[in-house]
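Novice: Predicted model follows, preceded by the sequence.
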Amino acid sequence: MRIVQGPRPKGKILPGQLPTYEATGLWCAQRKFNGHKNTFCVSRDEVHFYNKGKPFRRYQIPTFLKDQILSLKFVQRLRPDEWCWLDSELLEPRVPNTIVIYDVLQIAGNYLIGERQEDRLATLGLMLADSKGIPLCESGVAFQITENVWLAQTFTSGFVDRYNEFLHLDLIEGLVLRERDARLDNLGHAGYTTESQIRCRKPAKNYRF
């Protein structure tokens, strides 16, 4: 099985630059969570987590989280030999045994190289039962698909407000801007960074711009 590594942001901006990026209409935003960035692959009966292109051996998936992932409708529709890969973040230790999903990279063997970011996010929403009908988790930082499977919200406006509203939570680092028309052009290695994603982190002594 080919290991798929999702892209990581290459660029960094300061909060004061957010209005400039929003005004272009070319970017969308998702919250940047404080956890372990990873990809995970899922078939009808297996789930595997990967970090920086390697099996995430530091974390053992508990049975209840595996069962929640396998219960998702798009997983149950897979054929026995099919896999899906998703870009996500494991929120340990701040929200134990919980993942938040950002993007979809491969669907049932179809690598989405060349697919627009905005189209992939729309597809992801449909895969997870249409995010418009999914409630927010208790803290309000993400859609709650199951108790321990969350979906990142995507915003096309109000970047400054979205940046500021949860800065008091250690779980939230800021925002990641994603170029709406950006297309996947590579997969599968730990050094995959892209200029089509930009980090905007809250100021803290352990963050370096």
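Specialist: Yes, it's here. Numbers count the residues shown, from 1 in each chain.
Novice: Give me the sheet partners of the helix or strand bottoming out on mean pLDDT in the chain and which way each runs.
Specialist: The helix or strand of the chain with the lowest confidence, counting by mean pLDDT, DSSP states H and E, is strand 110-111 at a mean of 86. If you go by DSSP bridges, strand 110-111 pairs up with strand 99-107 (antiparallel).
Novice: hmm, who's touching the partner strand?
Specialist: 4, 6, 30, 33, 35, 38-41, 65, 83-91, 111-112, 117, 120-121, 123-124, 127-128, 142, 145, 148-152, 184, 187 (C-beta atoms under 8 Å, 6 or more residues apart in numbering). In this view, the C-beta of every residue, glycine as well, is placed from N, C-alpha and C.
Novice: what's the burial count for Leu128?
Specialist: 22 (other C-beta atoms under 10 Å).
Novice: show me where this structure has strands.
Specialist: 8-12, 27-33, 36-42, 47-51, 54-55, 84-90, 99-107, 110-111, 143-144, 149-151, 172-179, 193-201 (DSSP state E).
Novice: now the residue nearest the centre of the chain: how far from Pro203?
Specialist: By C-alpha atoms, centre = their mean, the chain has its centre lying nearest to Tyr102, at 1.9 Å. Relative to Pro203, Tyr102 is positioned 23 Å away (criterion: C-beta to C-beta, to the nearest Å).
Novice: for the protein, what's the longest helix?
Specialist: Of all the elements of type helix in the chain, the one with the most residues (DSSP state H) is helix 117-127.
Novice: Now do that helix and strand 84-90, the angle between them.
Specialist: 90 degrees (axes from the mean of the first three to the mean of the last three C-alpha atoms, to 10 degrees).
Novice: Check what pLDDT the residue nearest to Asp185 when sequence neighbours are not counted gets.
Specialist: Distances taken as C-beta to C-beta, 6 or more residues apart in numbering place Ile113 nearest to Asp185, at 6.6 Å, with adjacent residues excluded. Ile113 carries a pLDDT value of 86.
Novice: List the contacts of Ile113.
Specialist: 183-187.
Novice: What's opposite it in the beta bridge?
Specialist: Leu184.
Novice: For the residue nearest to Arg31 when sequence neighbours are not counted, give me the pLDDT.
Specialist: Using C-beta to C-beta, 6+ apart and skipping the chain neighbours, the partner closest in space to Arg31 is Ile172 (5.7 Å). Confidence at Ile172, expressed as pLDDT, is 97.
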